[in-house]
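Visitor: Give me coordinates for this.
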Amino acid sequence: MTDYQTRGDIAAIPALLALAVPEGEQFLAFNRATEREDGAIPRKYRDLIALAVALTTQCAYCVDVHTRHARAHGVTRQELAEAAFVAAAVRAGGTLAHSLMALRLFDEAADASADAPS
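Guide: So this is what the prediction gives:
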């Protein structure tokens with residue numbers, strides 16, 4: 001991390017939440033889904049999913065928090081590595097899907113310009 005984003009920034013969360021209490025409470029309630037202990041998905045896997053999503057969204061703070069939570073709940077280095085590559089593959093799949101759309105739009109634009117009166 002650079003000095004632009006630092007781990008210390010996370011300490012400002014309470015101040016941010018205090019500035020928008022209703023929204024902050026709703027965010028925290030929603031965010032607690034990753035920390036449930038009573039769901040069908042065990043906490044270890046919730047943390048691993050959260051970490052993979054954080055890697056995909058590239059949120060440095062989320063990577064920090066979810067990496068520590070995953071380790072605390074038994075995720076191994078190998079599981080982290082495999083989850084990282086699964087996340088990378090899915091992200092690449094999204095790139096491929098959008099590339100197909102871009103190719104179609106490119107062809108549609110070419111067809112439209114060919115049909116345009118001279």
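Visitor: Pull the number of nearby residues for Arg46.
Guide: By the measure other Cβ atoms under 10 Å, the count of residues near Arg46 is 20. Where C-beta positions appear, they are placed from N, C-alpha and C, glycine not excepted.
Visitor: which residues touch it?
Guide: Going by Cβ atoms under 8 Å, 6 or more residues apart in numbering, Arg46 touches Ala33, Thr34, Glu35, Arg36, Gly39.
Visitor: hey, where'd the helices end up in this structure?
Guide: 13-19, 21-31, 43-57, 60-72, 77-115 (DSSP state H).
Visitor: my guess is Val75 contacts Asp47, does it?
Guide: Yes. Contact criterion Cβ atoms under 8 Å: Val75 and Asp47 qualify, at 6.2 Å.
Visitor: neighbour-wise, which of those two wins?
Guide: Set side by side, Val75 and Asp47 show more neighbours around Asp47, with 25 against 19, by other Cβ under 10 Å.
Visitor: So what's the gap between stretch 53-61 and the chain middle?
Guide: 4 Å (Cα atoms, centre = their mean, to the nearest Å).
Visitor: Ends of that stretch, what's the gap?
Guide: 12 Å (Cα to Cα, to the nearest Å).
Visitor: what's the neighbour count on the closest residue to Thr56 other than its chain neighbours?
Guide: Of all residues not flanking Thr56 in the chain, Ala87 sits nearest, at 4.8 Å (Cβ to Cβ, 6 or more residues apart in numbering). For Ala87, the count of nearby residues is 18 (other Cβ under 10 Å).
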